[in-house]
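S.K.: sharing a model prediction with you, sequence too.
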Amino acid sequence: VDSVGNCLVTGSFNQTVDMNPGSGTDYHTAHGSSSYYDAFLTRFDNTGTFQWSNTWGGTHQVSGVGVAASSSNTPSVIGYYGGVANLAPSDAPCYETPKNFDAGEHWDGFVIMFRATGCW
């Protein structure tokens, strides 16, 4: 939870999911094989209303395992990935330039600091 009460959630998903649990929709599709997972960061306001969700993934598994917010309400996500991962949210609304990292045959960790909008 950030300083104004927004709830930040991170984790992983596979296939296609609707990140908006309310009446609206916010569909995201995992990259790579349907048996692997992509990471997500979702924000709800202090009343529990969905605000936004961003996802990132790669050729193998990418998972967000922890999230924290700075005093200026910018979220940071920690997690891990295998294979080649694009650790920049390249889907709407961010459309960031892909930033690919290769873990080789091992697992690597990441820390990503986002703007309050959920983009890099």
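M.R.: Received the coordinates, thanks.

S.K.: from now on I want contacts and neighbour counts done on CA atoms only, so please keep to that.
M.R.: Fine.

S.K.: for the protein, what's the longest strand?
M.R.: If you go by DSSP state E, the chain has its longest strand at strand 100-113.

S.K.: residue nearest the middle of the chain, spatially speaking?
M.R.: Geometric centre of the chain, nearest residue: Phe40, 2.6 Å, by Cα atoms, centre = their mean.

S.K.: helix or strand for it, which one?
M.R.: With elements taken from DSSP states H and E, the one containing Phe40 is strand 38-44.

S.K.: and that strand, how far from the chain's centre?
M.R.: 4 Å (Cα atoms, centre = their mean, to the nearest Å).

S.K.: partners of the longest strand of the chain, with directions?
M.R.: strand 75-86 (antiparallel) (DSSP bridges).

S.K.: quick revisit: neighbouring contacts of the strand holding Phe40?
M.R.: For strand 38-44, contacts defined as Cα atoms under 8 Å, 6 or more residues apart in numbering pick out 6-14, 19, 30-31, 50-58, 61-64, 77, 118.

S.K.: now do the buried residues in the longest strand of the chain.
M.R.: Using 16 or more other Cα atoms under 10 Å as the test for burial, strand 100-113 gives 101-103, 108, 113.

S.K.: and Gly24, which of the three is it?
M.R.: What DSSP: H, G, I helix; E, B strand; the rest coil gives for Gly24 is coil.

S.K.: residue numbering should commence at 49 henceforth.
M.R.: Fine by me, first position is 49 from now on; the one you just mentioned is Gly72.

S.K.: so what's it up against?
M.R.: No contacts exist for Gly72 under Cα under 8 Å, 6+ apart.

S.K.: same list (the buried residues of strand 148-161) but as JSON lines, adding distance to Pro137.
M.R.: Below are these laid out as JSON lines (distance: Cα to Cα, whole Å):
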{"residue": "Phe149", "distance to Pro137": "13"}
{"residue": "Asp150", "distance to Pro137": "17"}
{"residue": "Ala151", "distance to Pro137": "18"}
{"residue": "Asp156", "distance to Pro137": "18"}
{"residue": "Met161", "distance to Pro137": "12"}
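
S.K.: closest to Leu135 among those?
M.R.: Phe149 (7.4 Å; Cα to Cα).
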